[in-house]
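Student: The sequence and its predicted three-dimensional model are supplied below.
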Amino acid sequence: MKGSFLLLAISLLSGLADAQAQVAVHQPRILILPYTASGQNALEEYESSFAYRTAVTEVARAMNDRGFRPDDLQEILARVKENEAISTLKGVSFDPVERILQYSTADILVRTEVYIHTDASGANSVQINLRAVDKVSSRAMYAMNFDATPHFKTDDYGYLARRALTENDQISAFIEGLNASFSDVRLHGRTISCIIERGELSRASLSDEVNEEYDLLADILIEWVRQHAYQGNFRVRTNTENQLYFDEIRIPLLDEEGRNVLPDDFAREFRKYIGQFCSDYLQERLPMPRPVVNNGTIRFILP
């Protein structure tokens, strides 16, 4: 009898642990962002065209209905306009996408291309392409081109967009691919890149022998990355006298407190190490320039 109660208690505790683990899983937020591969300003099209805006809204609704939490693009645009004291994004001097990303809490950007085709008879068709991108690293996660709908004599662009997304359950296939990609990031970390270069005023060189074991500075920096990359995952593309290029370094998605780990966090610690090490072996305190961090790429200039 005691054994039965013990087994029941273990089962209940196991179920509670599983439930807590499920609650602790980081659920990504997404931002549905109008996009055109041709370079046309998709945000202006989003503002000015009801048909285009309706189709983009249907993408957000479809993702929301399937468990994602899209940021409200229209609310973000309203905040951008209020802070910039403008009424429209047309002809602005700043990059509106960069402003939107500053206000968005999303983990993933879903770049959304919408094509509305009207034939000679006035019938309409909608085609949608989706490209999911990690907001922090700007790395592609998953992409899918949806089939265009047949032409219909209707101006209900919401219906056409829904049909484009759900025909043959294409939206579920996209979400399945996106979930698999995000699960990989959660398990193995997100990918950033790092470039270390010798500048005109640099005292240090990547080919300097820096200790009695004849290690080069590049060897020492590679070893630091090996120790600090998530699960030791990294890759070196270029290793020359003037440039050390890591085209892939994995960093964790979250820290121990559940906060996003950013390329800036990795850059801050690596900068301190490079500056301290170079100053020590050159026996002179050298200023270490602040790195440039942009779209998941860190660029250092040696002191």
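Tutor: The structure has been received and is ready for your questions. Numbering: from 1, shown residues only.
Student: For the residue nearest in space to the middle of the chain, which residues count as its bridge partners?
Tutor: The centre of the chain sits closest to D134, judged by CA atoms, centre = their mean, with a distance of 1.6 Å. For D134, the beta-bridge partners under DSSP bridges are I108.
Student: got the contact list for it?
Tutor: Neighbour list for D134: D107, I108, L109, A140, M141, V185, R190, G296 [criterion: CB atoms under 8 Å, 6 or more residues apart in numbering]. Heads up, the C-betas are built off the backbone N, CA and C, glycines and all.
Student: The second one: how many residues sit nearby?
Tutor: So that's I108. I108: 22 surrounding residues under other CB atoms under 10 Å.
Student: swap in the fifth one?
Tutor: The number of residues packed near M141 is 21, by other CB under 10 Å.
Student: Cross-check the contact I'm expecting between it and L130.
Tutor: No - the criterion here is CB atoms under 8 Å, and M141 misses it with L130 at 10.6 Å.
Student: quick one, strands of the stretch 101-250 of the chain?
Tutor: Assigned by DSSP state E, counting those that start in this stretch, the strands in the stretch 101-250 of the chain fall at 108-118, 124-134, 140-145, 190-197, 234-239, 243-251.
Student: How many residues are close by the closest residue to M144 other than its chain neighbours?
Tutor: Distances taken as CB to CB, 6 or more residues apart in numbering place F174 nearest to M144, at 4.6 Å, with adjacent residues excluded. By other CB under 10 Å, 24 other residues sit near F174.
Student: OK, contacts around F174?
Tutor: With CB under 8 Å, 6+ apart, F174 has these contacts: L130, Y142, M144, F146.
Student: how near is A123 to S172?
Tutor: 27 Å (CB to CB, to the nearest Å).
Student: With Q127 instead?
Tutor: 18 Å.
Student: Can you pick out the residue with more neighbours from these two?
Tutor: Q127 (18 against 13).
Student: Look at L43 and tell me its secondary structure.
Tutor: The assignment at L43 comes out as helix when based on DSSP: H, G, I helix; E, B strand; the rest coil.
Student: Offset the numbering so it begins at 58, please.
Tutor: Let's use 58 as the start, then, which means that last one is L100.
Student: circling back: TSV for the contacts of D191, including distance to L319 and pLDDT?
Tutor: As requested, the contacts of D191 are exported to TSV (distance: CB to CB, whole Å; pLDDT from 0 to 100):
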residue	distance to L319	pLDDT
D164	12	91
I165	15	94
L166	16	96
A197	19	93
M198	17	95
V242	14	93
R247	10	94
G353	10	92
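Student: So for L217, what's the nearest residue that isn't a sequence neighbour?
Tutor: V183 (4.0 Å).
Student: who's that neighbour bridged to?
Tutor: On the basis of DSSP bridges, V183 is bridged to I173.
Student: ok, it - contacts?
Tutor: By CB under 8 Å, 6+ apart, the neighbours of V183 are A112, V171, Y172, I173, H174, A205, T206, Y214, L217, A218, R220, A221.
Student: redo that, cut-off 7 Å
Tutor: A112, V171, I173, A205, T206, Y214, L217, A218, A221 (CB atoms under 7 Å, 6 or more residues apart in numbering).
Student: Tell me the one of those residues nearest S336?
Tutor: Closest to S336 out of these is V171 (54.0 Å), distances taken as CB to CB.
Student: Now do the residue nearest to the centre of the chain against A180, distance only.
Tutor: From D191 across to A180, the span is 38 Å (CB to CB).
Student: circling back: looking at the strands of the stretch 158-307 of the chain, which is nearest to Q340?
Tutor: From the strands of the stretch 158-307 of the chain, taking CB to CB, the stretch that ends up closest is strand 247-254, at 21.1 Å.
Student: Now do the residue nearest to L217, the pLDDT please.
Tutor: In this model, V183 is scored at 96, pLDDT.
Student: what's the neighbour count on L166?
Tutor: Neighbourhood size, L166 [other CB under 10 Å]: 23.
Student: quick one: contacts of the host helix or strand of S336?
Tutor: S336 is part of helix 320-339 when elements are defined by DSSP states H and E. For helix 320-339, contacts defined as CB under 7 Å, 6+ apart pick out 193-194, 249, 260-261, 267, 277-278, 281, 308, 342-343, 345, 348, 350, 353, 355, 357, 359-360.
Student: Show the buried residues in the residues you listed.
Tutor: By neighbour count, with 16 or more other CB atoms under 10 Å, those hold 193-194, 249, 261, 267, 277-278, 308, 343, 345, 348, 350, 353, 355, 357, 359-360 as buried.
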